[in-house]
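Q: below are the sequence and a predicted model; questions follow.
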Amino acid sequence: MIEQLVEQIEGRFGELERDMSDPDVIADRERYAEVGREYRRLQGAHALAAEWRTLSDDLEGARELLAEEDDEELRRVVSEAPARLDVLAEEIRLAMVETDPNDDKNVLVEIRAGAGGDEAALFAGDLYKMLTRYAEERGFSTEVISQSAAEHGGFKDVTFAVKGEGAYSVFKFEGGTHRVQRVPKTESQGRIHTSTATVAVLPEAEEVDVDIDPNDLQVDVYRSSGPGGQSVNTTDSAVRITHKPSGIVVSMQDEKSQLQNRDKAMRVLRARLLEQAIADQQAELSAERRSQVGTGDRSEKVRTYNFPQGRVTDHRIKLTSHALDEVLAGDLREFTDALGAEEKRSRLEAQAAEA
């Protein structure tokens, strides 16, 4: 079984290498980009397959030589190689698990203050800083789509885009309810309060991903409110778009131009409709097949940030880090890697059950 999988990886990787240097493929920008994406996705599995192939050959050779002469180094290879081959076989299977079709997409991240009043808004601001710093650390760019600042700092809500290949594969695990336990600055008695903020991570949809009938849209324009200069309250620049079949409503007023607000509102609407379509597909799956990680469920309590004990706990995989300051500064790679590995294991189990 693993031998066949290794052969498939070697064969496909060879084809992709040839395609990458084929003048006809290079001349076709769309085809070349597609080949490049698959090549990069397969690189990890190919490296593991190459190691498995080399070690397997070494083991076979060592066994043959041991039949002719006793050698300590050969005995060590025969003794240790099988266990390493088993590990490599599992890693190869995980590397070849079918990926989420949205993994390569840009994302829209929506952060909303939850329970806790002013402290929840401050925590929403902390999450915004954490996630945008993490995006920068991973080489992605960010763009604020809309924001509603809270009176005493932080945000009532903020929506921003994360752009870059594979952004969704990194940020999808941040969806859910985040909880903070700390003493608020306004707390005179030193009591610890628990507050929450919700994070929704939406793969940003292209027009080809979601078919929107213009007749299904109700577009209303109105005057902006809040800070923004003299044009506020004198120009109908704010836009509210209602998608009548789904009931989804998106409002945008951050830009002074009605056209810019409409474009941003349509980006958010497309993303929410795609999210709804994904949720509908997941709902059709049986409980055994449904992935338990990274569903983006807003009601799911995913992580707790405990300031008195300086720890962060991800409840989905029972992983605790005692580097609270580093995590809030954007060092989330440990959590992303662990959640990604768990997602792959779940998908592998589902594929095995289907087979």
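A: Received the coordinates, thanks. On a predicted model such as this, the values are computed, not experimentally measured, just so you know.
Q: the strands in the stretch 101-250 of the chain, which residues?
A: 107-113, 141-149, 155-163, 176-182, 193-203, 217-222, 238-243, 248-252 (DSSP state E, counting those that start in this stretch).
Q: format the ones you listed as JSON lines; extra columns: mean neighbour count.
A: For the C-beta atoms, the positions are set from N, CA and C on the backbone; glycine is no exception. As requested, the strands of the stretch 101-250 of the chain are exported to JSON lines (neighbours: other CB atoms under 10 Å):
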{"stretch": "strand 107-113", "mean neighbour count": "25"}
{"stretch": "strand 141-149", "mean neighbour count": "16"}
{"stretch": "strand 155-163", "mean neighbour count": "20"}
{"stretch": "strand 176-182", "mean neighbour count": "21"}
{"stretch": "strand 193-203", "mean neighbour count": "22"}
{"stretch": "strand 217-222", "mean neighbour count": "13"}
{"stretch": "strand 238-243", "mean neighbour count": "20"}
{"stretch": "strand 248-252", "mean neighbour count": "18"}
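Q: poorly predicted segments of this protein, please.
A: Along the chain, segments meeting pLDDT under 70 span 186, 188, 207-209, 225-235, 281-300, 351-355.
Q: and it, what are its domains?
A: 2-95, 107-208+293-354, 214-282 (automatic domain parsing).
Q: in TSV: these, plus distance to residue 101.
A: TSV is the format used below for those (distance: least, CB to CB, whole Å):
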stretch	distance to residue 101
domain 2-95	12
domain 107-208+293-354	9
domain 214-282	9
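Q: pick the most deeply packed of the ones you listed.
A: Mean neighbour count, computed with mean count of other CB atoms under 10 Å, is highest for domain 107-208+293-354 among the domains of the chain, reaching a mean of 18.
Q: so where does residue 89 fall, helix or strand?
A: helix 72-95 (DSSP states H and E).
Q: for that helix, packing partners?
A: Applying 3 or more CB pairs under 8 Å, 6 or more residues apart in numbering; DSSP states H and E, we find helix 72-95 packed against helix 2-20, helix 29-66, helix 333-354.
Q: and the next helix or strand after the shortest one, how far out from the chain's middle?
A: When you say that, I think you mean helix 2-20. Once the chain leaves helix 2-20, the next helix or strand it forms, by DSSP H and E, is helix 23-27. Centre-to-centre, helix 23-27 and its host chain are 32 Å apart (CA atoms, centre = their mean, to the nearest Å).
Q: could you dump helix 23-27 to CSV, C-alpha only?
A: Below are the C-alpha coordinates for helix 23-27, written out as CSV (Å, rounded to 0.1, in the frame of the first residue of the first chain):
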residue,chain,number,x,y,z
PRO,A,23,7.6,26.2,-22.8
ASP,A,24,3.9,25.6,-23.6
VAL,A,25,3.0,25.5,-19.9
ILE,A,26,5.1,28.5,-19.1
ALA,A,27,3.4,30.5,-21.9
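Q: residues contacting it, please?
A: Residues outside helix 23-27 that contact it (CB atoms under 8 Å, 6 or more residues apart in numbering): 19-20, 31-32, 35.
Q: as CSV, the strands of the stretch 101-250 of the chain with distance to residue 70 would be great.
A: Formatted as CSV, the strands of the stretch 101-250 of the chain follow (distance: least, CB to CB, whole Å):
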stretch, distance to residue 70
strand 107-113, 59
strand 141-149, 61
strand 155-163, 59
strand 176-182, 59
strand 193-203, 59
strand 217-222, 80
strand 238-243, 76
strand 248-252, 74
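Q: for residue 274, which of the ones you listed is the nearest?
A: strand 193-203 (6.0 Å; CB to CB).
Q: circling back to that earlier point, can you lay out the helices and strands packed on helix 72-95 as TSV showing distance to residue 158?
A: What follows is the helices and strands packed on helix 72-95, written out as TSV (distance: least, CB to CB, whole Å):
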stretch	distance to residue 158
helix 2-20	40
helix 29-66	30
helix 333-354	21
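Q: who's in contact with residue 255?
A: 237, 261, 264.
Q: and residue 349, which of the strands of the stretch 101-250 of the chain is closest to it?
A: Among the strands of the stretch 101-250 of the chain, strand 176-182 sits nearest to residue 349 (CB to CB), with 21.9 Å.
Q: packing partners of the closest one?
A: Strand 176-182 packs on helix 118-137, strand 193-203, strand 301-306, going by 3+ CB pairs under 8 Å, 6+ apart.
Q: quick one: strands adjacent to that strand?
A: According to DSSP bridges, strand 176-182 forms sheet pairs with strand 193-203 (antiparallel), strand 301-306 (parallel).
Q: what about dumping the CA coordinates of the last one to PDB?
A: What that stands for is strand 301-306. Provided in PDB are the C-alpha atoms of strand 301-306 (Å, rounded to 0.1, in the frame of the first residue of the first chain):
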ATOM      1  CA  LYS A 301     -15.300  28.100  22.600                       C
ATOM      2  CA  VAL A 302     -11.900  27.600  21.000                       C
ATOM      3  CA  ARG A 303      -9.300  29.200  23.200                       C
ATOM      4  CA  THR A 304      -8.700  30.800  26.700                       C
ATOM      5  CA  TYR A 305      -6.100  33.400  27.500                       C
ATOM      6  CA  ASN A 306      -5.500  33.300  31.200                       C
END
